[in-house]
Each structure stands twice: as C-alpha cells, then as structure tokens.
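Chemist: my questions concern the predicted model and sequence given below.
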Amino acid sequence: MKYFSIILISLAFLSCKKTETTTVYQVQEVFVDQPGADKPNVKKSTEYISIAYSDLFQKNIPAELLSELTESYIAFADVTIIEDLIIRNFLNDSEVIVPTDQTMRADIGAFVKSCYNQFYGREPSGQEVWFLQKLIEENSGLTPDVIYYSFLTCNEYRQF
C-alpha cells in the first residue's frame, strides 16, 4: 500500500501541467516629426544668395551685386565652395546685422531661438536649444558670426 500511494502521488505530479501564460504587449506606433525635415526643394543659386543677403543685411540684395555673384557660380564648378566664400564675404561686411557677443551671451536661449526662426523659419526643438546653448556656454570662441555662418551653410538652410 505504501508503494501504491507513492505511485499515485508520482502520477499526480507527472500528470499536472504548468499552465503557460503568454502576455502580448501592444505597441502603439509613434510618428516623430522632425522640424525642418519636410523641406523637399533645394534653393537655386540666386535664391540662396538673395535669401542669405536678406537674412544678414535685413534688406534686398542690389541687382548688380546679385548679377556679379551669380557669375561666380558660372566661373567655378563647385557650388558649395562659392556659397561658402559668399557667406564669409557677407559676414565680413561692416553693414551686416549680427548681434554682439555680449548680447548673445546675455540670453543664449533667446539667441538660439531667434537664429532658428530667422534662418530656418521654425521653432527649434528642446534638444536643439539645449545642444547649441551648451556649446556656446562651453566655448568662449564661438561668436555670433560663427554661429550665423554655421546656420547659413547648413543643409537645412539650403532647402525650403
């Protein structure tokens, strides 16, 4: 009888199955919209020059200057080098409207937001403000004209 009860208990344990539960997690799709990412068109050379001039000098580019600068595109094959030189030339002009270093550092967050609005026509994301603000705070050599140069030569600025 002793063996019989041990066999029954063993059979009871062997016949029991552990019920497995499967948990299914539903993941909702999240669409992340990156500001500035939906600019499918690249500016033509004359558009790029005209808009950059307007952004820096707060006035329209004179027709003669636009004509001269357009000729430089024809004379040289690499467009990005010409655009780089044009932007540097604009930033070195005494009439260009760029905030002073003191003005920029007085409120770096406001400066960053105004740059995004002025050059990209949009509000910056929180991460963009944080990154650029931290970069400016940690690097005393970053002047407003260097920041302007980086915005004007960025791929997002070349598109609309």
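Modeler: In hand now; what should we look at? Numbering: from 1, shown residues only.

Chemist: wasn't Gly109 part of a helix?
Modeler: Yes: assessed by DSSP: H, G, I helix; E, B strand; the rest coil, Gly109 belongs to a helix.

Chemist: neighbours of Gly109, how many?
Modeler: 13 (other Cβ atoms under 10 Å). Bear in mind the C-beta positions are built from the backbone N, C-alpha and C, glycine included.

Chemist: an error on my part: the question was meant for Gln118.
Modeler: 13.

Chemist: so what's it closest to, chain neighbours aside?
Modeler: Asp55 (6.0 Å; Cβ to Cβ, 6 or more residues apart in numbering).

Chemist: and that neighbour, what is it in contact with?
Modeler: 118-119, 152 (Cβ atoms under 8 Å, 6 or more residues apart in numbering).

Chemist: now do Phe31, the pLDDT please.
Modeler: pLDDT recorded at Phe31 is 68.

Chemist: to clarify, my last question referred to Gln127.
Modeler: pLDDT, Gln127: 94.

Chemist: check which helix or strand it maps to.
Modeler: helix 126-138 (DSSP states H and E).

Chemist: could you point out which element follows that helix?
Modeler: By DSSP H and E, the next helix or strand past helix 126-138 is helix 144-152.

Chemist: show me what that following helix packs onto, helices and strands only.
Modeler: Packing partners of helix 144-152 (3 or more Cβ pairs under 8 Å, 6 or more residues apart in numbering; DSSP states H and E): helix 45-57, helix 79-92, helix 101-106, helix 108-115.

Chemist: quick one: contacts of that helix?
Modeler: Looking at what lies outside helix 144-152 - Cβ under 8 Å, 6+ apart - the contacts are 52, 55-56, 87-88, 91, 96, 98-101, 103-104, 111, 115, 119-120, 132, 136, 157.

Chemist: next: stretch 60-69.
Modeler: Outside stretch 60-69, the residues that touch it by Cβ under 8 Å, 6+ apart are 46, 49-50, 53-54, 86.
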